[in-house]
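[1] show me how the following folds:
(chains A and B)
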2 protein chains.
Amino acid sequence: MVEAAKGNSERALAKLISHVEDRKNGWKDVMRAIYAETGRTCVIGVTGSPGAGKSSLVGEFAKRLADMGYTIGIIAVDPSSPFSGGAVLGDRIRMRDISTCESIFIRSMATRGMLGGLCQAARDVVRIMDFAGRDIVIIETVGVGQDEIEVVSASDYVVLVTYPGGGDSVQAIKAGVMEIADLFVVNKCDRDGADVIVSEISAMLDLSTETAEDVPPVIKVSAFTKEGIDKFMDILSEFIQKKKKGPHHQKEHVRQEVMSILETDMVNLIKERISGNGNMEKELELILSGKSDPYSVADELINRFSVIENSLKKQ
Amino acid sequence: MVEAAKGNSERALAKLISHVEDRKNGWKDVMRAIYAETGRTCVIGVTGSPGAGKSSLVGEFAKRLADMGYTIGIIAVDPSSPFSGGAVLGDRIRMRDISTCESIFIRSMATRGMLGGLCQAARDVVRIMDFAGRDIVIIETVGVGQDEIEVVSASDYVVLVTYPGGGDSVQAIKAGVMEIADLFVVNKCDRDGADVIVSEISAMLDLSTETAEDVPPVIKVSAFTKEGIDKFMDILSEFIQKKKKGPHHQKEHVRQEVMSILETDMVNLIKERISGNGNMEKELELILSGKSDPYSVADELINRFSVIENSLKKQ
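    Purely as a prediction, here's the structure:
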């Protein structure tokens, strides 16, 4: 299966991704086996508030990168509900015209029902696409929450997309993504107010960055009229060239990844053990009857793991 | 400090919250001590995409609830950056006119630098406000990500705010909050397109809910012209009355809370131990030199915790 995925077969690639995503038998062996052959791809994260036109923009620049001869993988992250279901594909439909393009492979990811965190799952899929020889992997997120920020922050290059929309756009930006963006794109610049947003973002950046070289570019584009897309491509291409010359893996990214895998594994382990032996029921009743409280119960349960502490102290 | 907070002093309440938020000495004892006296407050979660006018709406209905004689606590969750800083207060400025109101206490919460997860921290603050005698606690989130959904899902009642804004609004809703909402509010209904959004939401709800009684109401309001606010208050009041008669703590909420505390504690424990003994550096070098990979390193590190498994099997 692993070898087949490398053979540029989309079907084999999709299968391998599902295998790892579903945490099927041997998924970790797969990830281990492919690791040495990864780190070559250039990961571009695209984020911004819903309605900013991220999908259209991604569609446009993915097509252009494909025309330039690059093979592309797109990961569309839909933070669907942890409750009753319903991942969204409406957005993806807009990408339909590029999904028939041979050198572009699209994969949707939903949070719901995912074993392990969204962030780690996205990293895994990036890695598999990397291994399969995709030159460029684009991660697009729908939301603007903490999880989404973490997902894109694992990219080599972060594009933040905003649009003129009644002054709400800058508010959305401020909600935590500004510091991780390498490029600010004001999309739908054929609408009124694009220049105002560019000024507002520039002003914010001037305030928050130390030297002039640190200031990420702010550009206006329209995925609809194609205005500014050429400039956007120039900036992207320059980055892609630079990344190619750099090291395959960066220490900070590797550190984040190890911690992320570790946390995911640990949380799953706890969940499994506690729901498995069912002894939380008794304790829940104690809480409901006022004889205990969630903090004491959590402490008690964690004390059963106290051997950890001891075993670590011995080292 | 605990007793002072109960005395309805805003200053004492703010101090107690900071103490717990910063995880200062004895914070867990505080939470334990107050638990038995909580569960009385009615927690209303308000979510929706940036720009939907959540703050204005919250401001409006908080004021009206205060006029009805209720004491209110507001928690505004800003998912600020995990990187260089910058929690947003712009939004809060809009709440300025209510912040001088004696029976309304406002608290901003940022994700950045928070020890423990956002969700657990929000729960803790709710609990402290509950203990301090606030009749109603309103949690307002800025983002629409997974974390924010978890935060509001811990509420007794979830209000989803959207607005007529170029067809983007329903897209934002679909991104995972639909299933947890008890009430859909189309704000800014003085703008064109409000009716279309109401129809779209109703259609989506018809498709996804089983019986007619399950369908949450969809109403139009304008925090600006005050249209629909009376109806909104009627629905809220009805719920508040119902909640008062119900049990203080619900089993599922308690279960979620225990798991949430446990996960937070565990993840912190791992982080502390691993960055503490610094032995991850050696392993990072192994990965960078191609001699190992993140999955193997994570496995190895987790194996040092393997005593857990054994100690649990013995039970």
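[2] enumerate every residue touching the residue nearest in space to the middle of chain A.
    With distances taken as CA atoms, centre = their mean, A:Val151 lies nearest the centre of chain A, 2.9 Å away. Residues in contact with A:Val151 (CB atoms under 8 Å, 6 or more residues apart in numbering or on different chains) are A:Gly45, A:Val77, A:Leu118, A:Cys119, A:Ala122, A:Ile139, A:Thr141. C-beta: built from backbone N, CA, C; applies to glycine.
[3] which parts of the stretch 1-150 of chain A are helices?
    Counting by DSSP state H, counting those that start in this stretch, the stretch 1-150 of chain A has helices at residues A:2-6, A:10-21, A:27-35, A:54-67, A:90-93, A:96-99, A:118-131, A:146-153.
[4] so which of the ones you listed is the most packed in?
    helix A:146-153 (a mean of 26; mean count of other CB atoms under 10 Å in any protein chain shown).
[5] could you give the separation of that one from the chain centroid?
    6 Å (CA atoms, centre = their mean, to the nearest Å).
[6] rounded mean pLDDT for that helix, please.
    Averaged across helix A:146-153, pLDDT comes to 73.
[7] would you work out how far apart the start and end of stretch A:205-222 are?
    End-to-end distance of stretch A:205-222 (CA to CA, to the nearest Å): 22 Å.
[8] for B:Glu102, which of the helices of the stretch 1-150 of chain A is the nearest?
    Nearest to B:Glu102, of all those, is helix A:146-153, at 33.3 Å by CB to CB.
[9] the lengthiest helix in chain A and chain B, any residue contact?
    Assignment by DSSP state H gives helix A:251-277 as the longest helix of chain A. Yes - counting by CB under 8 Å from any CB of the partner chain, contacts between helix A:251-277 and chain B involve A:251, A:254-255, A:257-259, A:261-263, A:265-267, A:269-271, A:273-274, A:277.
[10] quick one: that helix to helix A:118-131, angle?
    Orientation check (axes from the mean of the first three to the mean of the last three CA atoms, to 10 degrees): helix A:251-277 against helix A:118-131 gives 120 degrees.
[11] just the angle between helix A:251-277 and helix A:146-153, please?
    140 degrees.
[12] wait, A:Leu149 sits on A:Val177?
    Small correction: residue A:149 is Ile, not Leu. Yes - A:Ile149 lies in contact with A:Val177 (CB atoms under 8 Å); the separation is 5.7 Å.
[13] okay, now the unreliable bits of the stretch 1-150 of chain A?
    A:50, A:78-100, A:110-117, A:142-147 (pLDDT under 70).
[14] circling back to that earlier point, adding distance to B:Arg191, write the contacts of A:Val151 out as a markdown table.
    Formatted as a markdown table, these follow (distance: CB to CB, whole Å):
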| residue | distance to B:Arg191 |
| --- | --- |
| A:Gly45 | 33 |
| A:Val77 | 30 |
| A:Leu118 | 34 |
| A:Cys119 | 36 |
| A:Ala122 | 36 |
| A:Ile139 | 33 |
| A:Thr141 | 27 |
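[15] max pairwise distance over those residues: which two?
    A:Gly45 and A:Leu118 (13.2 Å).
[16] centre of the chain to stretch A:184-194, how far?
    Chain-centre distance of stretch A:184-194: 24 Å, with CA atoms, centre = their mean.
[17] now stretch A:253-263
    That offset, for stretch A:253-263, works out to 14 Å (CA atoms, centre = their mean).
[18] can I get that stretch in PDB, CA atoms only?
    These are the backbone C-alpha positions of stretch A:253-263, laid out as PDB (Å, rounded to 0.1, in the frame of the first residue of the first chain):
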ATOM      1  CA  HIS A 253       8.500  21.800  13.900                       C
ATOM      2  CA  VAL A 254       9.800  18.400  14.900                       C
ATOM      3  CA  ARG A 255       9.600  19.300  18.600                       C
ATOM      4  CA  GLN A 256       6.000  20.400  18.200                       C
ATOM      5  CA  GLU A 257       5.200  17.200  16.300                       C
ATOM      6  CA  VAL A 258       6.600  14.900  19.000                       C
ATOM      7  CA  MET A 259       4.700  16.800  21.700                       C
ATOM      8  CA  SER A 260       1.600  16.600  19.600                       C
ATOM      9  CA  ILE A 261       1.800  12.900  19.000                       C
ATOM     10  CA  LEU A 262       2.600  12.300  22.700                       C
ATOM     11  CA  GLU A 263      -0.400  14.400  23.900                       C
END
